[in-house]
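Colleague: I'd like to go over a predicted model; first the sequence, then the structure.
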Amino acid sequence: MEKGYNAKTIALLIAIIASFFTPFMGSAINVALPAISREFLTNAIMLSWIPTSFLLASAIFAVPFGRIADIYGMKKVFTCGMIIFTFSSFLCAIAPSDIALIGFRVIQGIGTAMVFVTSLAIVTAIYPPQERGKAIGFTIGAVYVGLSLGPALGGIMTHYLGWRSLFYFVIPLGVLVLFLTFWKLKGEWAACKGESLDIPGTILYSIALFMFIFGFSELPGPIGILMIIIGLIGLIAFVILELREKFPVFDMKLFKNRTFGSSSLAALINYMATFAVVFLLSLYLQYIKGLDPQSAGFILIAQPVVMAILAPFAGRLSDKYDPRIIASIGMTLTTIGLAQFIFLNTGTNIIFIIIGLVVLGAGFGLFSSPNTNAIMGSVERRFLGIASATVSTMRLIGQTLSMGLAILIFSMFIGRVVITPENYSALLSSIQIAFVIFTVLCFIGIFVSIAGRNKNTEKAG
């Protein structure tokens, strides 16, 4: 790596742009789903797989590529990931059918997994300890900018330029990142060079997670039940295998740490209960309330804006006080915000929805940074990389399961039909039931978060 301020700044810029991609695409595509459905006449189940396929691919490949990057080099994996992401974005933009779009989104998810498991790690490797916190703060801030811009900018672009413009938008950004990478990132980072890749564990993890999530879309049929059972058995076998492996692809021993384990589980529950909210409300606002994508996007932006404002403040607060207490307060507010949406109906006032999103954003903003601080502060310095990877993995699996639950509910109450005025009643019932389940999940998460309190935990320096 080239020395000097300019080289470090370019590396940070690369990480910031890369960190913007995933949340932007995730939140923007949700607003565009009704437009995609109208073009391809896509049924409700297939429509939900457009965001879910991306998340599932990212979740499946994040852990293996994180390990591959440690062995063979972060820059190699990052560069390949950016090439895959950029090219697959072009394929998504020209997709001729909903099936093709889902397939291209899988490829895009693989590229994204390669990018996000290496971008933050590269910044950590380049910046000295006294400057690292600020650099990581900018990188994480880019995630919230992506979440904030996604619904609003995505809604405007979909309304005036069509949904394909979302994918065209990220192509030049991908090309820019590749140019900066080849120009300025001259070094390579491979902390585990010479170690072996746990291929059996990688294959078992990928197949088991796929079977478990895909099984949701096939419920309540016997094939769906069978796939979920096989997936659960596979995940249990994976845990047993990794505990015996010398060089595991996912180090399970860290979960013996009470704070680390309960905080990671709390993060998983929180993402399970909140990620599908934008997807569900986007459908509600555009189908039930009859709003256009632009108007829906401006309403949905309320949550990430509040989240972006509170998250840095909550992070600083967690340096002074027990982060578990702050995270638990955040989880409580999130539960309250979700509970409000149980009462959605055809006559619900838009102001009521915005208030619910503000409460939800405040809850997630107060939860995310302190909970991450608790996880990172509960391990020794030599495990910081593994802890960081665990945070990302919990987020992705939680997001995937959140969409999986939405798919399950749609399968049971709407079925494989195109959403039309005739089934708006079933759509509304599905949305209400989803929010009941998410509220219960988050309520349980409050106690899981509190259980992680450990006064004797020493923060990693």
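Modeller: Yes, it's here.
Colleague: count of neighbours near residue 325?
Modeller: 15 (other CB atoms under 10 Å). (Glycine included, C-beta is placed from N, CA and C.)
Colleague: what is the rounded mean pLDDT of the host helix or strand of it?
Modeller: In this assignment (DSSP states H and E), residue 325 forms part of helix 323-340. Mean pLDDT, helix 323-340: 91.
Colleague: so the helix or strand following that helix versus helix 323-340, what angle?
Modeller: Downstream of helix 323-340, the first helix or strand assigned by DSSP H and E is helix 350-377. Helix 350-377 and helix 323-340 meet at an angle of 150 degrees, taking axes from the mean of the first three to the mean of the last three CA atoms, to 10 degrees as the criterion.
Colleague: need the strands for the chain, in chain order.
Modeller: Read by DSSP state E, the chain holds no strands at all.
Colleague: state which helix of it is the longest.
Modeller: If you go by DSSP state H, the chain has its longest helix at helix 5-40.
Colleague: now it: buried residues?
Modeller: 7-8, 10-37, 40 (16 or more other CB atoms under 10 Å).
Colleague: same for it, what does it pack against?
Modeller: Judged by 3 or more CB pairs under 8 Å, 6 or more residues apart in numbering; DSSP states H and E, helix 5-40 is in contact with helix 44-72, helix 74-93, helix 98-126, helix 129-161, helix 164-184, helix 277-283, helix 293-300.
Colleague: average pLDDT across the third one?
Modeller: Meaning helix 98-126. Regarding helix 98-126, the rounded mean pLDDT is 85.
Colleague: now it: buried residues?
Modeller: The neighbour-count check on helix 98-126 (16+ other CB under 10 Å) flags 98, 101-126 as buried.
Colleague: over to the fifth one?
Modeller: For helix 164-184, the neighbour count (16+ other CB under 10 Å) marks 164-171, 173-174, 177-178, 181, 184 as buried.
Colleague: okay if I get those as JSON lines plus pLDDT and distance to residue 248?
Modeller: Below are the buried residues of helix 164-184 laid out as JSON lines (pLDDT from 0 to 100; distance: CB to CB, whole Å):
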{"residue": "164", "pLDDT": "95", "distance to residue 248": "41"}
{"residue": "165", "pLDDT": "94", "distance to residue 248": "42"}
{"residue": "166", "pLDDT": "93", "distance to residue 248": "37"}
{"residue": "167", "pLDDT": "94", "distance to residue 248": "36"}
{"residue": "168", "pLDDT": "94", "distance to residue 248": "40"}
{"residue": "169", "pLDDT": "92", "distance to residue 248": "38"}
{"residue": "170", "pLDDT": "90", "distance to residue 248": "34"}
{"residue": "171", "pLDDT": "93", "distance to residue 248": "37"}
{"residue": "173", "pLDDT": "90", "distance to residue 248": "35"}
{"residue": "174", "pLDDT": "91", "distance to residue 248": "32"}
{"residue": "177", "pLDDT": "89", "distance to residue 248": "31"}
{"residue": "178", "pLDDT": "90", "distance to residue 248": "32"}
{"residue": "181", "pLDDT": "84", "distance to residue 248": "29"}
{"residue": "184", "pLDDT": "71", "distance to residue 248": "33"}
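Colleague: domain-wise, how is the chain divided?
Modeller: 1-194, 198-248, 254-461 (automatic domain parsing).
Colleague: what sits against the most centrally placed residue in the chain?
Modeller: With distances taken as CA atoms, centre = their mean, residue 396 lies nearest the centre of the chain, 4.5 Å away. Contacts of residue 396 were listed using CB atoms under 8 Å, 6 or more residues apart in numbering, and they are 55, 58-59, 62, 113.
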